[in-house]
Structure formats: C-alpha cells, structure tokens
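Here's a sequence, model it:
(2 chains)
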Amino acid sequence: MEKPSWTPIVLSGAIPREATDLLAILVMGIVALEASLATIGPPVFGSRLWLPLLVVPPTVALASVSTTTRRTKEELALFAYGGSSWQILLRYFFRGAICALIAFSPIILQGFLIPSSIPELFLPVLALLLAGGLFYSLPSLRRIRSSSFVEHYKS
Amino acid sequence: MPSVIETRSVVVEYPSIRGVLRLYDQGVSVKLDQGDFLAVLGGSGWGKSTLVNVILGLEKPIHGSVSFRDHDVTRESFVKRCSLVKTAAVFQRPTALPQMTVSQNLHLALSLAGVPRKERDERIKEALAFFGLDKIERSYPDGLSAGQRRRIDLARALAVKPELLVIDEPTGDLDGSATNLLIPLLRGLNRNQGTTIFMTTALPRQASQAKHQVHLRPPMVLTPENRMIGD
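Numbering: from 1, shown residues only, chains lettered A, B, ... in the order given. Predicted coordinates:
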C-alpha cells in the first residue's frame, strides 16, 4: 500500500524564490554587513548613515508588497471615490518616508547633537526620506499600471 | 444640449492564451442625455463590466471614442471625466476602504467630492438610514457581509448626489428586500432629481425598469486562423 509522504509539501516550498523572500534576505544581509563593519572604527554622522540607508529600499518595499491584497482594496476604493493615481502614490510616498524617518530617528537625533555641517546632516536625511517614499510607493505604481488592476472591480 | 455620455463604435480586445477575445466586435455605441436611465443588458462574460470601465476611463478601447458633454475623453482619466460630469460609480465587487468604518468611508468619499463639511453629516445620516446601515456605521467593511458592503457602496455613491450614476449589476449581492427597494430608488432618483443613470444587468426584468435598453451581444474569440481571414 502506498504511504502518503509529507516531504513534497515541505521541499517544494523550502527554497526562497519569491520577491519578498529576496527582500528579506537583502535586509538581513545589509544589517549583518553593517554589524561586521562596525568594529572597524567610530564613523562620523554622514558615513554612519550610508550603510543603514541601503536597508531602507528593501525594507519599505517589503512592507508595501507584503500587504498587497489589502493595499489593492485600498487603491480600488480610492479610485472609486474619485481619487487619482498621483494622489494614491503620494499617500504611499508619505507613508514610506514617515516609516523611514521614525526608524532612523535615533541616528538623526544623534546627528543633530554632534557638531556637523548642514549638508552633512541634511543630505543623508533627504536621501532617507526619498528612498523610503519612493520604494514604498513603487509596488503600488506597478499594481495600478498593470492591465489586470481593473479586473478586480469585476466579480 | 450636449449629451452626458456618448460612446461611438467602442471595441475592446483582450489578448488571451489562444487568440484574442474581442468584446463588441462591431462596436458599441451608447448615448445618454441629461435625465436618461439606460440599462445595458447582457449575459455573463459579455462585457458589461468592461463597458462600465471604458465609460469611467479605467480601460481604454482599441477603437472608437468616449465623450463626456461633447469632450473626447477616450484617453482621459476618471478624475478628468468627473470634472466634466459629477460621476459616482458602484462596481460589481464591493470597494470600501478596509481600515475605515462605514461612516468614515462615506465621509472620505464626500470630502473627495468636495461636499462642504456641514452638509456631510446630514447626507451620511440619510444614506445610512436609507440602506439600513445606521446600526453598523462604526463597523469595518471586512467584518460585514457582501450584501452589507454592497449597500455601503450604494450609500456612498448616492450621498455624493451625482449627475451621473454608473452602476454595475446593482442587485448582485443584495437580498430580496434590498433589491426590491433599490430599483424604485434608482427610478426615483432619475425622475425626481434628474440623475442620469447608466446601469448594467443580466436580468431582463430589471432592465425593463429603465427608460432605454441596450442589448449586448456575446463576445467573439479570434483565433490566429479566423483573425487572418477577418483581416
């Protein structure tokens, strides 16, 4: 008699192959790299920020992509209420920028406390906000522009 | 007076796995004047929802044109169309923001439509009461039944007091009593407030309640072979 096996279920899905898996690997990889480089020496504010900045795009993209079903419902509703694509994108751009700003607030506050030049302080913060906003809103842009988006209005 | 909507010889195509699915092979032309109530009747998969999307600017036809008050809006967005004719749409699938309560959803829709804050509460109260949603106004849409979510959409659309109401299979998820209320409501809106209504339905009995009717034909599948003959 044939015996049912549980291994195909486990093995067929054990290898990370989705975009969200890749993003998670990237985030953890950057954090690990940062941890290993931290032993080299105490950097100034600007240079301390550049490596963590690399974490922002994959992390906010991961946050945005992981709730696609809910986010699609939101986008469909906003369109139905008379919203436009750019309003929806702006909504997510701000959300992503705020996420990045809150997450990096300890480093930013530290930067304000130590004496440093204005560009040295503001340029990384600006890059942080742009990266957070842009990569949070990009998955939404991709969804809205896809030809299958309006199919969600049909049952 | 320019017509509220006019579609001329609209053709829509969907590339499918084996050939092309062509809706409205000979083109569909529809004209709605101020105060009209048009029902588009057709079977499942005949392109009723696609026609709704074409009218709202969510899908673009490969041939033909769409005009709002004599302005060609074939390539324009829904927002642009709303600026020409104040339009509210109710889709087949319920569309309420999941993280907002029923009443907050209506507030958002009215604020996007530019309804003054003072008027909003009154209109929302009226719409919620009419559709029997007043007891669940603080509930979130995801916890409600399909019929209740459908009623939220209807309440939201009607609270806006649109010039043009585009409604895709209005009684889809509604129970008998709500269905019986809805069609007379649409007729009343059309008669008393002059709201122009574009409605799709698969039910001839429902379509017969409208002033005018358009019958869609089944779509045509063009395989590479018959496409060559056709071309």
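
quick one: the residue most central in space within chain A from residue B:29, how far?
For chain A, the residue nearest the mean C-alpha position is residue A:60 (1.3 Å; CA atoms, centre = their mean). Between residue A:60 and residue B:29 the distance is 47 Å, computed by CB to CB, to the nearest Å. Every residue, glycine included, has its C-beta placed from N, CA and C.

Secondary structure element holding residue A:108?
Assigned by DSSP states H and E, residue A:108 falls within helix A:85-113.

is that helix anywhere near chain B?
Yes - contact between helix A:85-113 and chain B, assessed by CB under 8 Å from any CB of the partner chain, occurs at residue A:85.

tilt between the helix or strand that comes right after that helix and helix A:85-113?
Downstream of helix A:85-113, the first helix or strand assigned by DSSP H and E is helix A:118-145. Compare the direction of helix A:118-145 with that of helix A:85-113 by axes from the mean of the first three to the mean of the last three CA atoms, to 10 degrees and you get 160 degrees.

At the contact with chain B, which residues of chain A appear?
A:70, A:73-74, A:76-85, A:150, A:152-155.

Which ones among these map onto helices?
Secondary structure assignment by DSSP state H places A:70, A:73-74, A:76-80, A:85 of these in helices.

buried subset of those residues?
Neighbour-count burial (16 or more other CB atoms under 10 Å in any protein chain shown) is assigned, among these, to A:73-74, A:76-80, A:85.

Going by neighbour count, list what's buried in whichever strand or helix holds residue B:6.
Element membership for residue B:6 (DSSP H and E) is strand B:5-15. Residues of strand B:5-15 classed as buried: B:5-8, B:10-13 (neighbour count, 16+ other CB under 10 Å).

Residue A:105: which of these is nearest?
Top of the list for closeness to residue A:105, among those and by CB to CB, is residue B:12 at 50.0 Å.

After the worst-scoring helix or strand of chain A on mean pLDDT, heading C-terminal, what element do we hit next?
Between all helices and strands in chain A, the lowest mean by mean pLDDT, DSSP states H and E belongs to helix A:45-53, at a mean of 66. Using DSSP H and E, the helix or strand that follows helix A:45-53 towards the C-terminus is helix A:56-65.

Now that next one - C-alpha only, PDB.
Taking C-alpha atoms only, helix A:56-65 is exported to PDB below (Å, rounded to 0.1, in the frame of the first residue of the first chain):
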ATOM      1  CA  VAL A  56      15.600  51.400   3.600                       C
ATOM      2  CA  PRO A  57      14.600  50.400   0.000                       C
ATOM      3  CA  PRO A  58      14.200  46.700   0.500                       C
ATOM      4  CA  THR A  59      12.500  47.100   3.900                       C
ATOM      5  CA  VAL A  60       9.900  49.600   2.900                       C
ATOM      6  CA  ALA A  61       9.300  47.700  -0.400                       C
ATOM      7  CA  LEU A  62       8.800  44.500   1.700                       C
ATOM      8  CA  ALA A  63       6.300  46.400   3.900                       C
ATOM      9  CA  SER A  64       4.400  47.600   0.900                       C
ATOM     10  CA  VAL A  65       4.400  44.300  -1.000                       C
END
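
I'd like the distance between the closest residue to residue A:61 other than its chain neighbours and residue A:123.
If you skip the residues right next to it in sequence, residue A:61 has residue A:135 as its closest partner in space, 4.6 Å away by CB to CB, 6 or more residues apart in numbering or on different chains. Using CB to CB, one gets 18 Å for the distance from residue A:135 to residue A:123.

Between these two, tell me which one has more neighbours.
Shown here are residue A:135 and residue A:123; by other CB atoms under 10 Å in any protein chain shown, residue A:135 has more neighbours (23 against 13).

contacting residues for the residue nearest to the centre of chain A?
With CB atoms under 8 Å, 6 or more residues apart in numbering or on different chains as the criterion, the residues that contact residue A:60 are A:96, A:99-100, A:131-132, A:135-136.

would you turn those into a markdown table with pLDDT and distance to residue B:84?
Converted to a markdown table, the contacts of residue A:60 look like this (pLDDT from 0 to 100; distance: CB to CB, whole Å):
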| residue | pLDDT | distance to residue B:84 |
| --- | --- | --- |
| A:96 | 94 | 33 |
| A:99 | 93 | 38 |
| A:100 | 91 | 39 |
| A:131 | 94 | 38 |
| A:132 | 94 | 37 |
| A:135 | 95 | 36 |
| A:136 | 95 | 33 |
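
wouldn't residue B:93 be in contact with residue B:49 here?
No - contact criterion CB atoms under 8 Å: residue B:93 and residue B:49 do not qualify, at 9.3 Å.

Near chain A, which residues of chain B? Just list them.
Within chain B, the positions lying close to chain A (CB under 8 Å from any CB) are B:49, B:52-53, B:58-59, B:77-79, B:82, B:87, B:89-93, B:95-99, B:105, B:108-109, B:112-113, B:153, B:156, B:168, B:172.

what about burial for those residues, which qualify?
With neighbours counted by 16+ other CB under 10 Å, the residues of chain B next to chain A contain buried members at B:49, B:52-53, B:58-59, B:77-79, B:82, B:87, B:89-93, B:95-97, B:105, B:108-109, B:112-113, B:153, B:156, B:168, B:172.

Restricted to helices, list these.
Cross-referencing these with the helices (criterion: DSSP H) gives B:49, B:52-53, B:78-79, B:82, B:105, B:108-109, B:112, B:153, B:156 as the overlap.

among those residues, which two are most distant?
Comparing every pair within these by CB to CB identifies B:49 and B:108 as the most remote, at 24.0 Å.

Of all the strand elements in chain B, which one is longest?
When every strand of chain B is counted residue by residue (DSSP state E), the longest turns out to be strand B:20-32.

how far does that one sit from the chain's center?
The gap between the average C-alpha position of strand B:20-32 and the chain average comes to 17 Å, counting by CA atoms, centre = their mean, to the nearest Å.

contacting residues around stretch A:26-35?
A:51-52, A:54-55, A:58-59, A:62.
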